[in-house]
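Q: Here is a sequence together with a model predicted from it:
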Amino acid sequence: MKDTPEKILIVDDVSKNIQILGNILSQEQFQIAYAQDGQQALDICKVQDFDLILLDIMMPKMDGYEVCEKLKKNPATSEIPIIFLTARADMDSIIKGFELGGQDYITKPFNASELLARVNNHLTIKRQRERLKLMNNHLEELVKDRTLELETANHQLNVLDQAKSNFLSLISHEIRTPLNGVIGLTELLDQTNIDDDQKEYISYLKEVSSRLVKFSDTAILITTLKINKNLPEILPVSVNLLVNDSIAEFKVCNNNSSMQIINNLPVETLLIKADSDLIRMCFNIIIDNSAKFAGNDPKIEISGITNEGITTLTFRDNGPGFSDNALSNLFELFSAGDIMHSEGTGLGLATAKLILDAHEGSISVKNTEDHGAEVTIKIKGY
């Protein structure tokens, strides 16, 4: 027995048929209700829920097809399985019943075993469907709860990320303000009468100040990129021009460097969709890092190609390559592995990645077989 008897509605205009069906179904202790015409069946269904309906097709005024159609259009009764009772076993009548939403049919005169088997089968299907619906509802609730938890966690992470960005921006500005005074005083001292030792000290002070200015500018750029305040101004830009600018800037800032920079870019101009200032900074970062760790005979080769709308640039040096620690921490802010090779300031390659992310581009790094490092950039071209 079920926990609660399942309710079945029998709809037939012939009292004898109702009596026969009732006697057969009483073997399973179902709760039985009766209706002798279509309208009466619809009225009963408004005030009572049923697990199954046995519906005669041939009835006066409103036949079983019309009753079935009305029940299936009503959301309150659309899920109740309907078994048609018919003396007509022709294929057209059966197909019409299925098209209107009926689940099965039983022909008259009734066979008790067949009737009980079909009724129990459809009641089992209905119970399973209801269980599945409950499970789906439960899963939906779990998903909603989990989604809310994730949204809350994501909000907290965004708040923390914003706090870190604000802190980094504040520190950068606080460094830059007194640093401007130091740089100005250093320039003034350099113009006074001082001995060679003092000149060496001032030169060192200029170098340190320059590094601090660069760090401050980089930190501010990272902050603006991470909080999407510095959206790049995307325009057609010549890669050849930007690379040449970066090479020239490196030579001006590192006039004592023996770094050999070989530009292997094709003669024809490579155009990319980019913010020229940001991409130039990206190139500067890669070249500077190569210069720091490129060995006794430093060299970097730059090559590029455009294929199917994507421009690929490769920066290859002859240094020691990346350390295992560097390879495991690439592109992470404030890690030794986020710039080229085994050391770093903790902002270099991470900054380059943020710049390329803002351009919907990519950057990858690897060690070469002949002891060197290779940085590859992909960005939208023309």
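A: Yep, it's here. Worth saying up front: this structure is predicted, and the values here are computed from it rather than measured.

Q: Phi, psi for I379 please.
A: phi -150, psi 150 (degrees, to the nearest 10).

Q: ok, and the closest non-adjacent residue to it?
A: Leaving out its chain neighbours, the residue that sits closest to I379 by C-beta to C-beta, 6 or more residues apart in numbering is G361, at 3.8 Å. Quick note: C-beta positions are derived from backbone N, CA and C, even for glycine.

Q: I'd assumed T376 was in contact with the one you found.
A: No - using C-beta atoms under 8 Å, G361 is not in contact with T376; the gap is 10.7 Å.

Q: Settle it for me: which of the two has more neighbours?
A: Shown here are G361 and T376; by other C-beta atoms under 10 Å, G361 has more neighbours (21 against 14).

Q: could you pull out the helices for the stretch 251-382 of the chain?
A: With helices called from DSSP state H, counting those that start in this stretch, the stretch 251-382 of the chain shows them at 276-293, 324-328, 348-358.

Q: and those as CSV, adding mean neighbour count?
A: CSV is the format used below for these (neighbours: other C-beta atoms under 10 Å):
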stretch, mean neighbour count
helix 276-293, 22
helix 324-328, 14
helix 348-358, 23
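
Q: Of the ones you listed, which is nearest A112?
A: helix 348-358 (73.4 Å; C-beta to C-beta).

Q: helices or strands up against that closest one?
A: Counting contacts by 3 or more C-beta pairs under 8 Å, 6 or more residues apart in numbering; DSSP states H and E, the secondary-structure elements packed against helix 348-358 are helix 196-226, helix 276-293, strand 362-368, strand 372-380.

Q: Now do that helix, average pLDDT.
A: Mean per-residue pLDDT for helix 348-358: 84.

Q: can you give me how far that helix is from the chain middle?
A: Relative to its chain's centre, helix 348-358 lies at 20 Å (C-alpha atoms, centre = their mean, to the nearest Å).

Q: Just want the angle from it to helix 196-226.
A: Counting by axes from the mean of the first three to the mean of the last three C-alpha atoms, to 10 degrees, helix 348-358 lies at 30 degrees to helix 196-226.

Q: Could you chop this structure up by domain?
A: As given by automatic domain parsing, the domain ranges for the chain are 7-110, 149-226, 235-380.

Q: Now render those domains as CSV, adding distance to L139.
A: Formatted as CSV, the domains of the chain follow (distance: least, C-beta to C-beta, whole Å):
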stretch, distance to L139
domain 7-110, 19
domain 149-226, 15
domain 235-380, 35
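
Q: Ranked by average pLDDT, which of these falls at the bottom?
A: domain 149-226 (a mean of 75).

Q: How far away from the center of its chain is that domain?
A: With C-alpha atoms, centre = their mean, you get 35 Å for domain 149-226.

Q: Sort out which residues of stretch 46-54 are buried, please.
A: Burial within stretch 46-54, assessed by neighbour count using 16 or more other C-beta atoms under 10 Å, is assigned to 50-54.

Q: Name the nearest of those relative to T147.
A: D51 (34.6 Å).

Q: what's the spacing between the closest one and E28?
A: Shown here: D51 relative to E28, a distance of 12 Å by C-beta to C-beta, to the nearest Å.

Q: Ok, L235 next?
A: L235 sits 79 Å away from E28, going by C-beta to C-beta.

Q: Comparing these two, which residue is more hemmed in?
A: Neighbour count, other C-beta under 10 Å: between L235 and E28, E28 has more, with 15 against 11.

Q: That one contacts L123, doesn't it?
A: No - using C-beta under 8 Å, E28 is not in contact with L123, being 9.1 Å away.

Q: tell me the phi and psi of D297?
A: Per-residue torsions, D297: phi -120, psi 70 (degrees, to the nearest 10).

Q: doesn't H371 make contact with it?
A: No - judged on C-beta under 8 Å, D297 makes no contact with H371 at a distance of 11.9 Å.

Q: Which neighbours do those two have in common?
A: Counting by C-beta atoms under 8 Å, 6 or more residues apart in numbering, the contacts common to D297 and H371 are N318.

Q: higher neighbour count, the two?
A: Neighbours per residue (other C-beta under 10 Å) separate D297 from H371, with H371 holding more: 12 against 9.

Q: now the strands: where do they sit in this structure?
A: Under the criterion DSSP state E, strands of the chain are mapped to 7-11, 31-35, 52-56, 82-86, 104-107, 235-238, 260-263, 271-274, 299-307, 310-317, 362-368, 372-380.

Q: now those strands in a markdown table, with distance to I24?
A: Listed next are the strands of the chain as a markdown table, based on distance: least, C-beta to C-beta, whole Å:
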| stretch | distance to I24 |
| --- | --- |
| strand 7-11 | 10 |
| strand 31-35 | 10 |
| strand 52-56 | 10 |
| strand 82-86 | 12 |
| strand 104-107 | 11 |
| strand 235-238 | 83 |
| strand 260-263 | 94 |
| strand 271-274 | 77 |
| strand 299-307 | 77 |
| strand 310-317 | 74 |
| strand 362-368 | 72 |
| strand 372-380 | 74 |
